[in-house]
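**Student:** take a look and give me a structure for this.
(4 chains)
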Protein chains: 2
Amino acid sequence: MTERPLACSQHNHDHCIDDALSAARTLCAERGVRLTDLREQVLALIWDSHKPLGAYTLMEMLSEESTRRVAPPTVYRALDFLLEQGLIHRINRLNAFVGCPSPEHQHHSHFLLCNDCGVAVELESDKLDKDILSAARNAGFSVEAHSLEVTGLCARCQTGKV
Amino acid sequence: MTERPLACSQHNHDHCIDDALSAARTLCAERGVRLTDLREQVLALIWDSHKPLGAYTLMEMLSEESTRRVAPPTVYRALDFLLEQGLIHRINRLNAFVGCPSPEHQHHSHFLLCNDCGVAVELESDKLDKDILSAARNAGFSVEAHSLEVTGLCARCQTGKV
DNA sequence: CCAGAAAGGTTATATAGTAACATAACCACT
DNA sequence: AGTGGTTATGTTACTATATAACCTTTCTGG
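**Tutor:** The predicted structure follows:
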């Protein structure tokens, strides 16, 4: 049987956030980079759901949380850091950012995006990676990175919509 | 041996433009939609190279060609039409648009993007399509569309850069 | 020719992202 | 603790991308 991705199933989401944050702390410590309060706050907000969050939405959330006004560069710098460390991914199609559930190994950005509920599910498949690589090589291309964005309906949103 | 995509090889580019425009005219006639002067002009400008073109660059080019000032909505409406008809693709990563070499059949947007010369080569592979579909289905997803953007170096730009 | 539809023009504005420079926090060394 | 370099954040202004709303023109079918 097919196994639903966690994000599309009932789950205690607090675990997602907690796990993501502690994984991030560990990783940053190992790498000798600083997961500052701001960066951690941004990461937590992004992990608030499995739905991609735009930089400006994030900015408003930060402003609300902290009395002080937060300007775009503040948010983008935090996002850049998190992207560099592989703690979040960017969804180009949506100009938005979503948490990475497995930041400990570098990987490409492959997502299933539900048009109905907005959830973003990361798709990890070695086979797909290889296929993309070989298709590109056949065209004489040397690959640096790739991103795949699949839109459709997640398992949960399909039920009762046939 | 690997066969280079046309866009990365020496070729008489006038043929690309002419072919694209006549294919577009035929298709639009068949479909009973109007390829107006403006839309054709935009399509021709996009086909001016194999490199994705931003909407505002396009706008400047149009303004230069026509004495009158061209405003954003004009460009975006033409682009929307061309996208709907499958005559161009949008490269999300670049916020830019590139001509589709085979608009007669609907297909997903899969591109190889050269970081050096900026060329965008369309990658068509039934195998890849199937693999993406089955990977998504395994996660319980029903697929509507997908886009793949691979970055790297095209065949031509690799030579002498090992 | 006329009415309705489609396309394009115009103005204003929303949304996304960056440049440049000032200030503050952190850290290593004395 | 004091100092100086580095990293992070604050602040202002701006560039780039995209759309809303409304009006005018052009096309098309009766």
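
**Student:** how about the residues of chain A that lie near DNA strand C?
**Tutor:** Those residues of chain A that sit near DNA strand C, judged by CB under 7 Å from any atom of the strand, are A:34, A:54, A:55, A:56, A:57, A:71, A:72, A:73, A:76, A:95. Using the backbone N, CA and C atoms, a C-beta is placed for each residue, glycine as well.

**Student:** got a pLDDT number for the last one?
**Tutor:** We have a pLDDT of 98 for residue A:95.

**Student:** most neighbours among the residues of chain A next to DNA strand C, which one is it?
**Tutor:** Taking other CB atoms under 10 Å in any protein chain shown as the neighbour criterion, residue A:55 ranks highest of those with 16 neighbours.

**Student:** in terms of pLDDT, where does residue A:141 sit?
**Tutor:** 97.

**Student:** what sits against it?
**Tutor:** Listed by CB atoms under 8 Å, 6 or more residues apart in numbering or on different chains, the contact partners of residue A:141 are B:112, B:114, B:121, B:150, B:152, B:153, B:154, B:155.

**Student:** how close does it sit to DNA strand D?
**Tutor:** Note on residue A:141: its distance to DNA strand D, by CB to the nearest atom of the strand, to the nearest Å, is 24 Å.

**Student:** the longest helix anywhere in chain A packs against which elements?
**Tutor:** Across chain A, the longest stretch assigned as helix under DSSP state H is helix A:13-31. If you count contacts as 3 or more CB pairs under 8 Å, 6 or more residues apart in numbering or on different chains; DSSP states H and E, helix A:13-31 packs onto helix A:37-46.

**Student:** and the helix it packs on, what's buried?
**Tutor:** Along helix A:37-46, the positions that meet the burial threshold by neighbour count (16 or more other CB atoms under 10 Å in any protein chain shown) are A:38, A:39, A:40, A:41, A:42, A:43, A:44, A:45, A:46.

**Student:** same check on stretch A:141-160?
**Tutor:** By neighbour count, and taking 16+ other CB under 10 Å as the criterion, the buried residues in stretch A:141-160 are A:141-143, A:146-158.

**Student:** out of these, which are inside strands?
**Tutor:** Taking DSSP state E as the definition of strands, the buried residues of stretch A:141-160 contribute A:142, A:143, A:146, A:147, A:148, A:149, A:150, A:151, A:152, A:153.

**Student:** please look at the first one and residue B:153 and confirm they touch.
**Tutor:** Yes - in terms of CB atoms under 8 Å, residue A:142 counts as a neighbour of residue B:153; the distance is 4.8 Å.

**Student:** stretch A:149-162 and DNA strand D in contact?
**Tutor:** No - judged by CB under 7 Å from any atom of the strand, stretch A:149-162 stays clear of DNA strand D, getting no closer than 14.5 Å.

**Student:** circling back to that earlier point, quick one: which of the buried residues of helix A:37-46 is nearest DNA strand C?
**Tutor:** For the buried residues of helix A:37-46, the minimum distance to DNA strand C (CB to the nearest atom of the strand) is 10.7 Å, reached by residue A:38.

**Student:** what residues does that closest one make contact with?
**Tutor:** In this structure, residue A:38 makes contact with A:74, A:78, judged by CB under 8 Å, 6+ apart.

**Student:** outside of stretch A:40-52 itself, list whatever touches it.
**Tutor:** Applying CB under 8 Å, 6+ apart, the set of residues contacting stretch A:40-52 is A:7, A:13, A:16-17, A:20-21, A:24-25, A:35, A:53, A:58, A:61-62, A:65, A:75, A:78-79, A:82, A:87-88, A:91, A:94, A:96-99, A:113, A:117-121.

**Student:** below-threshold pLDDT in chain A: ranges please.
**Tutor:** Counting by pLDDT under 70, the low-confidence segments of chain A come to A:1-3, A:160-162.

**Student:** write out the residues of it neighbouring DNA strand D.
**Tutor:** Taking CB under 7 Å from any atom of the strand as the measure of proximity, chain A contacts DNA strand D at A:33-34, A:36-39, A:68-74, A:77-78, A:81.

**Student:** between all of those residues, which two are separated the most?
**Tutor:** Put simply, by CB to CB the two of these set farthest apart are A:33 and A:69, 26.9 Å from each other.

**Student:** what about the two, which has more around it?
**Tutor:** With other CB under 10 Å as the criterion, residue A:33 and residue A:69 differ in neighbour count, and residue A:33 comes out ahead with 13 against 9.
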